[in-house]
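> Return a 3D structure for these sequence lines:
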Amino acid sequence: MNLENYFAPPKDGADIRRNITYDCIKLGAMLITYRLLTTIFTYGFYIGAYYRFTGKLAGLNAAIKGLREDYKETVTSTAFSMILNSTVTGTGLICTLLLGWLVLGFGFDGFLRPTKDGAKKGLYFFPACFIMNMVVSLAVNFFTSAMESAGVTIPEADFTIKTPSTAAVVFQFLYVCIAAPLVEEIVFRGMILGALTKYGEIPAIFISALCFGLMHGNIPQAAAAFVVGLAYASLAVSSRSIVPSFIVHMLNNMVVSMAELGNGLELPYVDEVTSIVQVIVAVIGIYIAFTKYSYFRNDSREALPARGAVLKTEMTNPVLLIYLAMLVLNIVEGLINVNS
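Sure thing, here's the model as predicted:
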């Protein structure tokens, strides 16, 4: 598809709006399908685990109850949790991609294609994205502390290795540093940018970052993920590939997880080494952010002449709104549960 055709003065705005609506419906359907499939596969995983341990088939509630009562140490272990997450997200993604390809004719507009210098760009811009993450995380920490002082608990993700072992560290590394970044890049950069970039880079980047942030299911991670999601998406759009954003995402998770993984292996001085590495990366990141910020600028042209018309059309699409509502409700539910 010739992208220039969309950025030329449109002859028929109604046709372009119709195309945007149609692509948003397909995109929203795939995102909702992915979320529903991961939920279904999670239930299936528990039922399968119960059968594996006991040799008996049981319903979901009975399986979960049985696992928690008779195999509590196993099902609350980090290794079990990471295997579950990797299996569910990977299987859900594969099924969603097959559905999109066979039923919806969904295309990624080349974003899954590797580029010659993709890894190099990812390595180069990782420090700048890392410092963004650190700054937002510090700001969010002040917010959560203030809310705690006011008597409101803000739920946060917990990646603490509860039962330290080599297996726990290996499986957490594989999921947090490799599997999760790969799946998330395909979903939140590959799918969303592939569907929407042709109508305008900036609206597509915003929606990609918004979905990526809300997907994390809690306010602290959502805020940080939204900001770095803008950088990840900008990097992917500038490169027309998710390879650079995957490299940045993977390295960010590695550096953030260093202390936890090292402590899980009982390595000496791991906290000190982690702090030194993070400071070095942060200093390099500040330099890159101030000297190479122009690389994160994107084409401001859009397929519709009125400013904001593309984003408005995309953000008011009912199927996409249903998906966003699902993400927001998940955050609200977590907030209510932890404060009830």
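
> Confirm for me that Val183 is in contact with Val88.
No: in this structure Val183 lies outside contact range of Val88 using Cβ atoms under 8 Å: 9.9 Å. Backbone N, C-alpha and C define where each C-beta goes, glycine included.

> List the contacts of Ala195.
By Cβ atoms under 8 Å, 6 or more residues apart in numbering, the contact list for Ala195 reads Asp23, Cys24, Lys26, Leu27, Phe106, Gly107, Asp109, Ala204.

> Tell me the gap between the helix or strand hosting it and the middle of its chain.
Secondary structure here is read from DSSP states H and E; on that basis Ala195 sits in helix 192-196. With Cα atoms, centre = their mean, to the nearest Å as the basis, helix 192-196 stands 15 Å off its chain's centre.

> Contact partners for the residue nearest to Ser241 when sequence neighbours are not counted?
By the measure of Cβ to Cβ, 6 or more residues apart in numbering, the closest residue to Ser241 outside its immediate chain neighbours is Thr115, 4.3 Å from it. Contact criterion Cβ under 8 Å, 6+ apart gives Ser239, Arg240, Ser241, Val243, Pro244 as the residues in contact with Thr115.

> Regarding the chain, what is its longest helix?
Taking residue count as the measure and DSSP state H as the definition, the longest helix of the chain comes out as helix 13-54.

> Pull the contacting residues for the nearest residue to Ser77 once chain neighbours are set aside.
Beyond its immediate neighbours in the sequence, the residue positioned closest to Ser77 (Cβ to Cβ, 6+ apart) is Thr163, lying 4.6 Å away. Thr163 makes contact with Glu73, Thr76, Ser77, Thr78, Ala79 under the criterion Cβ under 8 Å, 6+ apart.

> Please repeat the previous calculation with a cut-off of 10 Å.
By Cβ atoms under 10 Å, 6 or more residues apart in numbering, the residues touching Thr163 are Glu73, Thr74, Thr76, Ser77, Thr78, Ala79, Phe80, Gly264.

> Go ahead and confirm the fifth one touches Phe171.
Yes: here Thr78 reaches Phe171: they are 6.9 Å apart, a contact under Cβ atoms under 10 Å.

> Next, show the common contact partners of those two.
Ile161, Ser165.

> What residues sit buried inside stretch 311-327?
Judged by neighbour count (16 or more other Cβ atoms under 10 Å), stretch 311-327 contains these buried residues: Leu311, Thr313, Glu314, Met315, Asn317, Val319, Leu320, Tyr323, Leu324, Leu327.

> Which of those fall within helices?
Mapping those onto helices (DSSP H) picks out Leu311, Thr313, Glu314, Met315, Val319, Leu320, Tyr323, Leu324, Leu327.

> Max pairwise distance over the buried residues of stretch 311-327: which two?
In the buried residues of stretch 311-327, the most distant members under the criterion Cβ to Cβ are Thr313 and Leu327, with 20.0 Å between them.

> coming back round to it: want to try TSV for the buried residues of stretch 311-327, with distance to Val152 and pLDDT as columns?
Rendered in TSV, the data for the buried residues of stretch 311-327 read as follows (distance: Cβ to Cβ, whole Å; pLDDT from 0 to 100):
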residue	distance to Val152	pLDDT
Leu311	32	95
Thr313	36	95
Glu314	33	96
Met315	29	96
Asn317	33	96
Val319	33	96
Leu320	30	96
Tyr323	27	96
Leu324	24	96
Leu327	21	95
